[in-house]
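K.L.:
turn this into a model:
(one chain, ligands or ions: 2)
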Amino acid sequence: MSQRTLVLLKPDAVRRGLMGEIIGRLEAKAGWTITALELRTLDRATLEQHYAEHEGRPFYAPLLEFMTSGPSAVMVVEGERVIEGVRALAGPTDPIQAAPGSIRGDFGTIVRENLIHASDSAESAEREMKIFFPRGA
Ligand code: RTP
Ligand code: MG
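P.N.:
Ligands and ions are numbered 1, 2, ... in the order given. Model (predicted):
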């Protein structure tokens, strides 16, 4: 079943020049298409909505600080099983736990600066696409 998911290449990925590498991995999956892509420095209001589930956690304030520290690549990716698929390509949240071959496993060491966000369910994808592309994507 074709799906759409909201993907962020976080400020560390953009700063380190890893956009091409990561986008290449997404595009290499047969049938996946990037249908929206914008380089954008995210503002607090947008991130407060996006990360509402984490408000009050110890990592929340430093996470918002990091996420506003420079441009992110904001994308919608469409294709067969893309929601689960991008999460699998990304690997677990903590890059040290992520296997080589995954994006976080190949390029990450810091939990917060883990390069990529991808929606974790169809409901999250719908919610997040509205947050980042309020006029539609
Ligand atoms: P994401 O939402 O960004 O795809 O990541 P995720 O589902 O793998 O991780 P989640 O638990 O939703 O956490 C959101 C982001 O917060 C940062 N984080 N820092 N202990 C920490 O310092 C910590 N825990 C989480 C990461 O940037 C994580 O992706
Ligand atoms: Mg999450």
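K.L.:
pass me the low-pLDDT residue ranges in this protein, would you?
P.N.:
The chain contains no residues with pLDDT under 70.
K.L.:
which stretches of it form helices?
P.N.:
11-15, 19-28, 44-50, 60-67, 82-90, 103-107, 122-132 (DSSP state H).
K.L.:
number of nearby residues for Leu8?
P.N.:
23 (other C-beta atoms under 10 Å). C-beta coordinates here come from the backbone N, C-alpha and C atoms, glycine included.
K.L.:
make that Leu37, sorry
P.N.:
Neighbours of Leu37 (other C-beta under 10 Å): 15.
K.L.:
so it makes contact with Ser72?
P.N.:
No. Leu37 is beyond contact range of Ser72, at 11.1 Å (criterion: C-beta atoms under 8 Å).
K.L.:
the protein against ligand 1: which residues are in contact?
P.N.:
In this structure, the chain approaches ligand 1 at residues 59, 63, 93, 111-112, 114, 117-118, 120, judged by C-beta under 6 Å from any ligand atom.
K.L.:
neighbour-wise, which one of the residues you listed leads?
P.N.:
Ala118 (24 neighbours).
K.L.:
so who does the nearest residue to that residue once chain neighbours are set aside touch?
P.N.:
The shortest distance from Ala118 to any non-neighbouring residue, by C-beta to C-beta, 6 or more residues apart in numbering, is to Val86 (3.9 Å). Counting by C-beta atoms under 8 Å, 6 or more residues apart in numbering, Val86 makes contact with 5, 7, 26, 77, 116, 118.
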